[in-house]
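Chemist: Make a model of this:
(one chain, ligands or ions: 3)
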Amino acid sequence: MEYSTRTDTLERLSTDCLIVGVFQKRKLAPTAEALDALFDGLLARLLKRDDVEGKAGDTLLVNHVPGGRIDRVLLVGLGKREELNVAAYRKSLAAAFKVLKESGAKHAVSALHEVEVGQRGADWKIRQAIELLESGLYRFREMKGESAEDHPPRLSRLQFLLASDQDAAPVETGIREGQAIAHGMTLARNLGNLPGNVCTPAYLAEQALKLGKEYKKLKVSVLEESDMEELGMGALLSVARGSRQPAKLIVLEYRGAGGKARPYVLIGKGLTFDAGGISLKPAANMDEMKYDMCGGAGVIGAIQAVAEMGLPLNVVGLVPASENLPDGNANKPGDIVRSMAGITVEILNTDAEGRLILCDALTYAKRFDPVAVIDVATLTGACIVALGRHPSGLMGNDDALCEQLTRAGETTWDRVWRMPIWDDYQEQLKSNFADVANIGGPDGGSITAACFLSRFAKDFKWAHLDIAGTAWKTGADKGATGRPVPLLVQYLIDRAA
Ligand code: BES
Ligand code: MN
Ligand code: ZN
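Modeler: Ligands and ions are numbered 1, 2, ... in the order given. Now for the predicted structure:
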């Protein structure tokens, strides 16, 4: 898709489809109103005839309008003017784009960003539009027999209508950022949707290396198992022992700021298939464990977005990548391994492997002298039980960092909800035989997982995002969502500002 601004009077505008808003009840937004005047009240009459009130998500496609320049008008319900919040705006956009996609229009012009959504600027409104349109157009076809070219989406250009005296700068910022974030989300979704037999640790590493070739400010390197051995990453390596695929630790270093500026470090769990290991998972829905690398994919997607935008920050991405399978050489319940930090871990359940690969990446993060470290992981089923699938779970050792992430989540609607990691919970991780156990029993499973990680994050500001419920959808529209790319990128945009 191509995005640009468009300055034209309605009298002169020609397009396949003009998208305009209507509030409840049948109150036309400014551009719709001007258009309606131009057409002698046609739009108001049609809304009335078809009983379309303008509720958020209502749509009315007018296929034939006078004048000959505008082929279609898409009227989009926005709900009550005073109730137009982020959720309603997003619902309206999604509904509009669904109709637009199927309308046959190749080019469209939208005026929807003219309406007020709280205090949000034009850049934000444009970004939301691009993210939602790209999400709606996304199809994972890489593994299907027919190629994507067999079904080219007709829609290829969306323009944002500007009044002649309107400042184009925020709209252009929105276009730039929106596209970068959408591209990052698409990359994360593609990686997530690829099956475990294709998207192996080595494949993830190759994709990251390819990214490093595309951007001058991005340097990508990969630590092999021999490197990890030298570093003493016994926890990470123990998980990989049960797999024939060698583990990788992918290191992406983006230098958008001066050489010595301390970086933000993002760590993403890159477990390319999680069968549970010897503590084998049940068969039902086990295919979904190919998504257990969505934290890593999110980090790679966020770094791509940051590089595409050229953000003036230093950002490091770390993606420990491995499979978790049962094997004669795999971790066994009761095994004790020594992490890079020197902390010994009793593996009471081999299915709690995410924290084992993350803890060594956390220790490795220290060498970058980070401003803050954020790890992202499909870490616990318990997080879905606790919070459902709307917010990601947030835990961390620094209130300011957690608040910044919460705010970034509200801005992007890639929301988070914080859970406590009080010392009281640490007791659940006591082991009779090692420094710490890798599970803390059935109570507060997401919290005890984060408590485990916190022991390796003592030397910096750290936050943990449990994305088990948000990184993919199950059921009929099973697939990766691209979250938390918007959240991570917004957090970094805010730091650069
Ligand atoms: N990758 C899973 C977490 C998960 C489960 C994500 C379901 C999404 C949906 C993780 O490695 C895991 O298996 N966690 C265990 C931890 C338990 C053994 C303490 C879990 O959640 O059951
Ligand atoms: Mn597991
Ligand atoms: Zn896992």
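Chemist: Now do the same for the residue of the stretch 201-350 of the chain found nearest ligand 3: its pLDDT.
Modeler: Nearest to ligand 3 in the stretch 201-350 of the chain, going by C-beta to the ion, is residue 274, at a distance of 3.7 Å. (C-beta placed from N, C-alpha, C; glycine too.) pLDDT for residue 274: 98.
Chemist: Poorly predicted segments of the chain, please.
Modeler: Low-confidence segments of the chain, defined by pLDDT under 70: 146-152.
Chemist: touching ligand 1 at all, the biggest helix by length in it?
Modeler: Across the chain, the helix with the greatest residue count (assigned by DSSP state H) is helix 169-193. No. Judged by C-beta under 6 Å from any ligand atom, helix 169-193 makes no contact with ligand 1; its nearest approach is 12.0 Å.
Chemist: Check which residues of that helix are buried.
Modeler: 170-193 (16 or more other C-beta atoms under 10 Å).
Chemist: and what of stretch 138-146?
Modeler: Neighbour counts over stretch 138-146 (16+ other C-beta under 10 Å) mark residue 138 as buried.
Chemist: from the chain's centre, how far out does it sit?
Modeler: 20 Å (C-alpha atoms, centre = their mean, to the nearest Å).
Chemist: Just give the number of residues close to the residue in the stretch 301-450 of the chain positioned nearest to ligand 3.
Modeler: For the stretch 301-450 of the chain, the residue closest to ligand 3 is residue 354, as judged by C-beta to the ion, at 4.5 Å. Using other C-beta atoms under 10 Å, residue 354 has 29 other residues around it.
Chemist: List the residues that contact it.
Modeler: Residues in contact with residue 354 (C-beta atoms under 8 Å, 6 or more residues apart in numbering) are 269, 271, 274, 292, 377, 378, 379, 449.
Chemist: Narrow the residues you listed to those in helices?
Modeler: residue 449.
Chemist: neighbour-wise, which of the contacts of residue 354 leads?
Modeler: Neighbour counts for these peak at residue 377, which has 33 neighbours (criterion: other C-beta under 10 Å).
Chemist: In space, what's closest to that one - neighbours in sequence excluded?
Modeler: Of all residues not flanking residue 377 in the chain, residue 269 sits nearest, at 3.6 Å (C-beta to C-beta, 6 or more residues apart in numbering).
Chemist: Quick one: residues contacting the one you found.
Modeler: Residues near residue 269 by C-beta under 8 Å, 6+ apart: 292-296, 320, 354, 357-358, 375-379.
Chemist: Contact residues of the stretch 201-350 of the chain facing ligand 2?
Modeler: residue 274 (C-beta under 5 Å from the ion).
Chemist: what domains does the record give for this protein?
Modeler: The chain resolves into domains spanning 2-140+152-160, 184-496 when parsed by automatic domain parsing.
Chemist: Would you mind pulling up the elements that the helix or strand hosting residue 404 packs against?
Modeler: Using DSSP states H and E, residue 404 falls within helix 399-412. Other helices and strands packing on helix 399-412, by 3 or more C-beta pairs under 8 Å, 6 or more residues apart in numbering; DSSP states H and E, are strand 372-377, strand 392-396, strand 416-418, strand 462-466, helix 485-496.
Chemist: re the thing from before, which one of the contacts of residue 354 is nearest residue 428?
Modeler: residue 449 (10.5 Å; C-beta to C-beta).
Chemist: Okay, helices next: where are they in the chain?
Modeler: 30-38, 42-49, 86-102, 122-137, 169-193, 201-214, 225-231, 234-240, 294-309, 354-365, 381-387, 399-412, 445-454, 485-496.
Chemist: Can you tell me which of those helices is packed in deepest?
Modeler: helix 294-309 (a mean of 30; mean count of other C-beta atoms under 10 Å).
Chemist: Can I get that helix in CSV, CA atoms only?
Modeler: In CSV, the C-alpha atoms belonging to helix 294-309 read as follows (Å, rounded to 0.1, in the frame of the first residue of the first chain):
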residue,chain,number,x,y,z
CYS,A,294,6.6,-14.4,19.1
GLY,A,295,8.6,-12.4,21.7
GLY,A,296,11.6,-12.8,19.5
ALA,A,297,9.6,-11.9,16.4
GLY,A,298,8.2,-8.9,18.2
VAL,A,299,11.7,-7.7,19.0
ILE,A,300,13.0,-8.2,15.5
GLY,A,301,9.9,-6.4,14.1
ALA,A,302,10.3,-3.5,16.5
ILE,A,303,14.0,-3.1,15.6
GLN,A,304,13.1,-3.1,12.0
ALA,A,305,10.5,-0.4,12.6
VAL,A,306,13.0,1.7,14.6
ALA,A,307,15.6,1.3,11.8
GLU,A,308,13.0,2.2,9.2
MET,A,309,12.1,5.4,11.1
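Chemist: ok, is it in contact with ligand 1 or not?
Modeler: No. Residues of helix 294-309 are not located near ligand 1 by C-beta under 6 Å from any ligand atom, the shortest gap being 9.1 Å.
Chemist: ok, and the closest non-adjacent residue to residue 304?
Modeler: Per C-beta to C-beta, 6+ apart, closest to residue 304 is residue 184, 5.0 Å.
Chemist: Name all residues that make contact with that neighbour.
Modeler: With C-beta under 8 Å, 6+ apart, residue 184 has these contacts: 301, 302, 303, 304, 305, 308, 482, 485, 489.
Chemist: Now distance to residue 243 too, for those residues, in a markdown table please.
Modeler: Listed next are the contacts of residue 184 as a markdown table, based on distance: C-beta to C-beta, whole Å:
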| residue | distance to residue 243 |
| --- | --- |
| 301 | 24 |
| 302 | 26 |
| 303 | 25 |
| 304 | 27 |
| 305 | 30 |
| 308 | 33 |
| 482 | 27 |
| 485 | 27 |
| 489 | 31 |
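Chemist: Just give me the closest of the residues you listed to residue 411.
Modeler: Distances from residue 411 to the contacts of residue 184, taken by C-beta to C-beta, are shortest for residue 489, at 10.6 Å.
Chemist: Distance check, the closest residue to the closest one other than its chain neighbours against residue 368.
Modeler: Closest residue to residue 489 apart from its sequence neighbours, by C-beta to C-beta, 6+ apart: residue 305 at 4.8 Å. Distance check for residue 305 against residue 368: by C-beta to C-beta, to the nearest Å, it reads 20 Å.
Chemist: in the stretch 251-400 of the chain, what residue is nearest ligand 2?
Modeler: Nearest residue of the stretch 251-400 of the chain to ligand 2, counting by C-beta to the ion: residue 351, 3.8 Å away.
Chemist: Would you check that residue 122 makes contact with residue 172?
Modeler: No. Judged on C-beta atoms under 8 Å, residue 122 makes no contact with residue 172 at a distance of 9.5 Å.
Chemist: what about the closest residue in space to residue 70 that isn't next to it in sequence, neighbour count?
Modeler: Spatial nearest neighbour of residue 70, excluding adjacent residues (C-beta to C-beta, 6+ apart): residue 18 at 5.2 Å. Counted with other C-beta under 10 Å, residues neighbouring residue 18 total 27.
Chemist: again with residue 51
Modeler: The local packing of residue 51 (other C-beta under 10 Å) involves 9 other residues.
Chemist: do the same with residue 313
Modeler: Using other C-beta under 10 Å, residue 313 has 19 other residues around it.
Chemist: Kindly report the same for the one 10 residues further on.
Modeler: Number of residues near residue 323 (other C-beta under 10 Å) recorded here: 26.
Chemist: Surely it and residue 276 touch.
Modeler: No. With contact defined as C-beta under 8 Å, residue 323 does not reach residue 276; the gap is 11.2 Å.
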